[in-house]
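Enquirer: let me see the structure of the following:
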Amino acid sequence: MKNLILFVFLLSLITSCSNSSGSGSSKSLPGGATATFDAENAKGDRSIPSTGCSISTWVNTSNSSLNGNLDCSLGGGFAGNGIFTSPYRFEFNGTSTVVTTNINAQPNTMSSTTWMAWVYPTSTTFQHVLSLDNHSGAFNRALVLQNSNWSAFTGTSTTFESHSVDLNQWQHVAIVYTPSGITIYKNGTASSFGSAPTINNTAQTFTIGRSAAGGWDYFQGAIAWVAVYPRELGKSEVQSACRALANRFDAIVCDSN
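Expert: Sure, this is the predicted structure:
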């Protein structure tokens, strides 16, 4: 009898803990990423780099043949001590810091794609956070800051503005490109734009912290985690990915509706 009572108590406790997080409370990163850049595992071996510009490679833990090349020679670089008020991150100085890759996320390679990042902006001037932009008219795909909003570039100069940017705060941002539309998420809340313009192919590769074309539109702030998927992630997957790492960051609540 005592064993039965203990079993019922433990079962009720597990159920209570499960229900306390609400519906849609799964916390996992979707599989199948082409790239995962995690500042908590920046070197790919779980060792922690020295603060500043101590490393030149941000390891892609999904595919080490497509690592990120970090240029922080004029400022920025690795920072943090691994607690939620100072998570491991890479800082971008707004003028020169950039991570370039050989990842081909062009529309003719990835007709649908999802990009996600944990970002801490410190300026709302026009900036590219994640980019394939060639800066010469065929703008291609890019997640940008414009008019203090999270926004998307497309195959024209048109910019689709969505959620407001939370300055000096961590936020989970995702952008989903498909042949027929764009969806931008902030902390799991979606803003969709159907019938988006056709996106042009360019010669650029995936770039973090600047226009992919070269020395324009540098990001100012910090980035702790980036992922690229060769497919459209659903709303529940984006929200689950947000919750999976939210405990690293201070006071972040991910939408589950």
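Enquirer: where does the stretch 51-200 of the chain dip in pLDDT?
Expert: 136-138, 155-157, 195-198 (pLDDT under 70).
Enquirer: how about the strands in it?
Expert: Counting by DSSP state E, counting those that start in this stretch, the stretch 51-200 of the chain has strands at residues 57-58, 68-71, 77-79, 89-93, 98-100, 113-121, 127-131, 142-146, 149-153, 159-164, 171-178, 181-186, 189-194.
Enquirer: got TSV for the ones you listed, with distance to residue 249 and mean neighbour count too?
Expert: (Glycine included, C-beta is placed from N, CA and C.) Putting the strands of the stretch 51-200 of the chain into TSV (distance: least, C-beta to C-beta, whole Å; neighbours: other C-beta atoms under 10 Å) gives the following:
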stretch	distance to residue 249	mean neighbour count
strand 57-58	19	20
strand 68-71	21	19
strand 77-79	14	20
strand 89-93	10	25
strand 98-100	20	21
strand 113-121	7	24
strand 127-131	16	27
strand 142-146	18	23
strand 149-153	17	23
strand 159-164	17	17
strand 171-178	8	24
strand 181-186	13	22
strand 189-194	16	15
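Enquirer: can you add distance to residue 47 and give these back as CSV?
Expert: Shown next, in CSV, are the strands of the stretch 51-200 of the chain (distance: least, C-beta to C-beta, whole Å):
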stretch, distance to residue 47
strand 57-58, 13
strand 68-71, 16
strand 77-79, 12
strand 89-93, 16
strand 98-100, 19
strand 113-121, 21
strand 127-131, 26
strand 142-146, 30
strand 149-153, 33
strand 159-164, 35
strand 171-178, 26
strand 181-186, 32
strand 189-194, 36
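Enquirer: so who does residue 149 touch?
Expert: Applying C-beta atoms under 8 Å, 6 or more residues apart in numbering to residue 149 gives the contacts 161-165.
Enquirer: try residue 61
Expert: 36-38, 41, 44.
Enquirer: grab the nearest non-local neighbour of it.
Expert: residue 36 (4.9 Å; C-beta to C-beta, 6 or more residues apart in numbering).
Enquirer: since we're on that neighbour, how many residues are nearby?
Expert: Close neighbours of residue 36, defined as other C-beta atoms under 10 Å, add up to 18.
Enquirer: surely it is in a strand?
Expert: Yes - assessed with DSSP: H, G, I helix; E, B strand; the rest coil, residue 36 lies in a strand.
Enquirer: please begin residue numbering at 474 from this point
Expert: With 474 as the first residue, the last one maps to residue 509.
Enquirer: that one and residue 589, how far apart?
Expert: Distance, residue 509 to residue 589, by C-beta to C-beta, to the nearest Å: 10 Å.
Enquirer: which neighbours do those two share?
Expert: By C-beta under 8 Å, 6+ apart, the residues touching both residue 509 and residue 589 are 698-700.
Enquirer: most neighbours, which of the residues you listed?
Expert: residue 699 (27 neighbours).
Enquirer: in what helix or strand does that one lie?
Expert: Using DSSP states H and E, residue 699 falls within strand 693-702.
Enquirer: on that earlier part again, of the strands of the stretch 524-673 of the chain, which is nearest residue 688?
Expert: strand 571-573 (8.7 Å; C-beta to C-beta).
Enquirer: quick one: the closest one to chain centroid distance?
Expert: Between the centre of strand 571-573 and the centre of its chain there are 14 Å (C-alpha atoms, centre = their mean, to the nearest Å).
Enquirer: next one: stretch 707-723
Expert: 11 Å.
Enquirer: do stretch 676-685 as well
Expert: 14 Å.
Enquirer: before we move on, what about stretch 565-578?
Expert: The answer for stretch 565-578 is 13 Å, by C-alpha atoms, centre = their mean.
Enquirer: quick one: end-to-end distance for that stretch.
Expert: One end of stretch 565-578 to the other measures 22 Å (C-alpha to C-alpha, to the nearest Å).
Enquirer: stretch 567-577 now?
Expert: First residue to last in stretch 567-577 (C-alpha to C-alpha) measures 24 Å.
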